[in-house]
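Engineer: Quick one, structure for this:
(2 chains)
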2 protein chains.
Amino acid sequence: MSHTVEILSVGTELLLGNIANTDAQMLSQGLSELGLNVYWHTVVGDNPQRARDAVALAKERADIIITTGGLGPTCDDLTKNVLAEAFGKQLVFDQGSAERIRAYFQRIGRTMTDNNLQQAMLPQGCVILENDWGTAPGCAFEAEGVHVIMLPGPPSECRPMFQYRARPYLLSLSEGVIASHTIKLFGIGESTMEAQLREQMNAMTNPTLAPYAKEGECELRVTAKAATDEEAQALLKPTVEQVKALFGSKVYGVDVPSLEYVVLEGLKAKGLTLGAAESCTGGLIAKRLTDVPGASQAFRGGIVSYTNQVKTSALGVPQEVLDQYGAVSAETAAAMAEGVRRALGCDIALSSTGVAGPDRDDRGNEVGTMFVAIATQEGTHVRALKLGNRPMRERLRTQTASHALDLARRYLSGLDFGA
Amino acid sequence: MSHTVEILSVGTELLLGNIANTDAQMLSQGLSELGLNVYWHTVVGDNPQRARDAVALAKERADIIITTGGLGPTCDDLTKNVLAEAFGKQLVFDQGSAERIRAYFQRIGRTMTDNNLQQAMLPQGCVILENDWGTAPGCAFEAEGVHVIMLPGPPSECRPMFQYRARPYLLSLSEGVIASHTIKLFGIGESTMEAQLREQMNAMTNPTLAPYAKEGECELRVTAKAATDEEAQALLKPTVEQVKALFGSKVYGVDVPSLEYVVLEGLKAKGLTLGAAESCTGGLIAKRLTDVPGASQAFRGGIVSYTNQVKTSALGVPQEVLDQYGAVSAETAAAMAEGVRRALGCDIALSSTGVAGPDRDDRGNEVGTMFVAIATQEGTHVRALKLGNRPMRERLRTQTASHALDLARRYLSGLDFGA
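Structural biologist: Okay, here's the model as predicted:
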């Protein structure tokens, strides 16, 4: 049976624009992967009448309703009250949930006010979804042919509650298991990737192939459904291999969190250290590497040389190079990488220099003119980039940092340095 | 008359979770500031029947419908077709819009395919909202007592289209003008700020006072409505002054984009230069400063000393300091700031060192133990932070970078260094 899902989010803060509805995005992604069709997102405020209206509508047009928000004491547990009423259920006190709420407050060392215990009032006969990440338990029940799942609103609770509580419940509705792998690519545009895969994607039903684009990188998620995990994996394997073969060295990993993570793992595996000299990226390469816990095992540090004076004094870029070729040049990028490699005594060094905008530089280089370099014991390689002047400063910097990291990734994997 | 707004977003990519509905957030914020009540957000996919159903509902329960998405050639201009049909309007070809679309393609140097011209089909008698940021024009009309405004979906188009096209249209619906100021604070929690202002906020009707919290900072938006801008400003002024007096040096600016912007402006005004030595923030201070266009006028650069070796070699932190006090200590933070000030020859230097997690450091310092320092010609000051171990690594690093920037901001404004 094909299920139809409505995501109903309850919270005035969404209608005031204080926060974006990232819960709905996260849930939509997770539900798509389960093969469930999300046809509606609805947001209402902490208003009982409009919440009732929204539930009445959802009940008509969906057979799975997933709510987020409106479970805590500050909103009088609006969502639970409205949903229980809509499906003719009583709310009953659940002793186990009350104890968990008490224990939660003890753990974080704060005093529990009594209104917190109303969170232990739950629809009679529901499946309780224990909340290990906050106070309000979620719940799930089936009534009148509709499955209702209620999740807390804070994203730091909603995400794990979906992953570890709602997802298993939803899996039990469908027969078999769902498994997926995410293939990460760098150095190819989303539209090019899609064009190469479109026919195949449209022809596939199990596994399915879904593209995503994020911050100048691409992802392909392959998802299969089967009776057992083994069978699902067997379905996935040929597609993963096929995609890897198709995109070759543009694939930087499968089921890995990020390019910087892959670089750090490569460094640790080889016992090598890394440093960075950054001009246009202004610290972003270092920031991204140190976003990864444990980066200090391989990342030594970096020098942000935002002025020519720092390029000469801290990095030893020769004044003649700056005079002759300018700060935004392949020669300067190379000298910066070599300079920081020397200064920090690391095995591999990356550098970036370019025009992030909004204006051209004083030599007339256009916005988006970028150079990234890698220096190793084998020599120095520079990649010149023309990123165009349409993207924003932020995106230009992110893409440039990714290109620098890509040089390190390719070096560590024994690949050519690519385009 | 009090208006009721529904935001209707059309796009399968939202239902698949490929993107979050940031358009709805941006619009909700802007509409709240105009004193308009947003009661519903609805999302449907590129599906004519569900779009029709959604419009029929919105028409019943709102008197302003704002749509996003579904205007481009790839979705057959779904939104325009459905809205025109719902209000019994014809779509007619608009020569001016066609020429703008042609000119847009010429400007970006791409060939225009013919299907782009269907974007010039617009509801008869509508107000055309010219799109200077993309191809699909928006439009607005009133019919059957309902105002309909259609905006393109890509956030880079939707935001300016709201700001420069829809907002003036909406302002013309209400009498008078709306003006607002945003007061930015650092060093106070949102709940503390709200507690100090709650009674006042609830008692106010014109101007109104709305709090926002972002990434460890707080904002207060003061909004007034009046017949003229002068009258609105006169209403705003006493509240802005009152808030500034109430929160004192925690207020870092009014209508300024960010803490780093304020620091850079302060430096430029005094003709001073800045550098940074970063351990736990790993480049984030430099990255944030260089997010601001023109940062190179005052920001010299930085050294990311992620290992002790770099702290000694590049920053000259004495080995004895590291041995005796550890890398995470007030003494090391001070030596780092002094070291980078010397190394880069800048007037003011900032530093950070701490435990960003997920684990304690090898001296047993808990996650969230942070030190930031400022070194100037007058001496060095260290701020010790206990940020707790509940927030995520990312947030700990952001807060620590903000504390460092706050030291610079306070120094440049002649304030004490605060808590």
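Engineer: Endpoint to endpoint, stretch A:164-175 covers what distance?
Structural biologist: Using CA to CA, to the nearest Å, the end-to-end distance of stretch A:164-175 comes out at 18 Å.
Engineer: so how far is it from its chain's centroid?
Structural biologist: 22 Å (CA atoms, centre = their mean, to the nearest Å).
Engineer: same thing with stretch A:358-371?
Structural biologist: With CA atoms, centre = their mean, you get 31 Å for stretch A:358-371.
Engineer: give the contact list for the closest residue to residue A:347 other than its chain neighbours.
Structural biologist: Excluding its sequence neighbours, the residue lying closest to residue A:347 (CB to CB, 6 or more residues apart in numbering or on different chains) is residue A:272, at 4.1 Å. Every C-beta, even on glycine, is put in place using the N, C-alpha and C of the backbone. Applying CB atoms under 8 Å, 6 or more residues apart in numbering or on different chains, we find residue A:272 in contact with A:298, A:347-348, A:412.
Engineer: from those, which ones fall inside helices?
Structural biologist: Among those, the residues falling in helices (DSSP state H) are residue A:412.
Engineer: Of the contacts of residue A:272, keep whichever come out buried.
Structural biologist: With neighbours counted by 16 or more other CB atoms under 10 Å in any protein chain shown, those contain buried members at A:298, A:347-348, A:412.
Engineer: possible to save these as TSV with pLDDT?
Structural biologist: Output for the buried ones among the contacts of residue A:272, formatted as TSV (pLDDT from 0 to 100):
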residue	pLDDT
A:298	96
A:347	98
A:348	98
A:412	97
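Engineer: hmm, back to that, tell me the backbone dihedrals of the residue nearest to residue A:347, please.
Structural biologist: Dihedral pair for residue A:272: phi -110, psi 160, per degrees, to the nearest 10.
Engineer: if I look at it, how far off is chain B?
Structural biologist: 14 Å (CB to the nearest CB, to the nearest Å).
Engineer: What pLDDT is listed against that residue?
Structural biologist: Listed pLDDT for residue A:272 reads 98.
Engineer: Next one: it relative to residue A:413, how far apart?
Structural biologist: Distance, residue A:272 to residue A:413, by CB to CB, to the nearest Å: 13 Å.
Engineer: related to what we said a few turns ago, narrow the buried ones among the contacts of residue A:272 to those in strands?
Structural biologist: Within the buried ones among the contacts of residue A:272, residues falling in strands by DSSP state E are residue A:348.
Engineer: wait, which of the buried ones among the contacts of residue A:272 is closest to residue B:32?
Structural biologist: Within the buried ones among the contacts of residue A:272, the smallest distance to residue B:32 is 47.0 Å, found for residue A:298 (CB to CB).
Engineer: so what's the closest one up against?
Structural biologist: By CB under 8 Å, 6+ apart, the contact list for residue A:298 reads A:264, A:267-268, A:272-274.
Engineer: Return the members of these classed as buried.
Structural biologist: Using 16+ other CB under 10 Å, the buried members of the contacts of residue A:298 are A:264, A:267, A:272-274.
Engineer: Would you convert the residues you listed into CSV that also reports secondary structure?
Structural biologist: Listed next are those as CSV, based on DSSP: H, G, I helix; E, B strand; the rest coil:
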residue, secondary structure
A:264, helix
A:267, helix
A:272, coil
A:273, coil
A:274, strand
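Engineer: Reformat these into a markdown table and put distance to residue B:367 next to each item.
Structural biologist: Below are these laid out as a markdown table (distance: CB to CB, whole Å):
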| residue | distance to residue B:367 |
| --- | --- |
| A:264 | 20 |
| A:267 | 24 |
| A:272 | 28 |
| A:273 | 25 |
| A:274 | 24 |
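Engineer: Need the residues that contact stretch A:231-239.
Structural biologist: For stretch A:231-239, the surrounding residues in contact (CB under 8 Å, 6+ apart) are A:176-181, A:204, A:206-207, A:209, A:222-226.
Engineer: Measure how far the helix or strand hosting residue A:107 is from the centre of its chain, please.
Structural biologist: Per DSSP states H and E: residue A:107 is located in helix A:95-108. Relative to its chain's centre, helix A:95-108 lies at 31 Å (CA atoms, centre = their mean).
Engineer: go on, stretch A:5-13?
Structural biologist: 22 Å.
Engineer: which one among the contacts of residue A:298 gets closest to chain B?
Structural biologist: Using CB to the nearest CB, residue A:273 comes nearest to chain B of the contacts of residue A:298, at 8.3 Å.
Engineer: mind listing what the closest one touches?
Structural biologist: A:267, A:298-300, A:345-348.
Engineer: just residue A:401 next, same as before
Structural biologist: Residues in contact with residue A:401 (CB under 8 Å, 6+ apart) are A:281, A:284-285, A:288, A:352.
Engineer: Mind pulling up the pLDDT for it?
Structural biologist: 97.
Engineer: for the one 5 residues further on, same thing?
Structural biologist: Residue A:406 is assigned a predicted lDDT (pLDDT) of 98.
Engineer: now residue A:104
Structural biologist: With respect to pLDDT, residue A:104 scores 82.
Engineer: cool, and residue A:419?
Structural biologist: Value listed for residue A:419 in the pLDDT field: 60.
Engineer: Give me the below-cutoff pLDDT ranges for the stretch 1-150 of chain A.
Structural biologist: A:1, A:74-75, A:108 (pLDDT under 70).
Engineer: So which residues on it come close to chain B?
Structural biologist: A:9, A:14-22, A:24-32, A:38-45, A:47, A:50, A:53, A:57, A:61, A:108 (CB under 8 Å from any CB of the partner chain).
Engineer: again, 7 Å this time
Structural biologist: A:14-22, A:24-26, A:28-29, A:32, A:38-45, A:50 (CB under 7 Å from any CB of the partner chain).
Engineer: For the stretch 151-300 of chain A, just list every one of the helices.
Structural biologist: Secondary structure of the stretch 151-300 of chain A, counting by DSSP state H, counting those that start in this stretch: helices at A:155-161, A:167-173, A:190-203, A:229-247, A:259-270, A:284-290.
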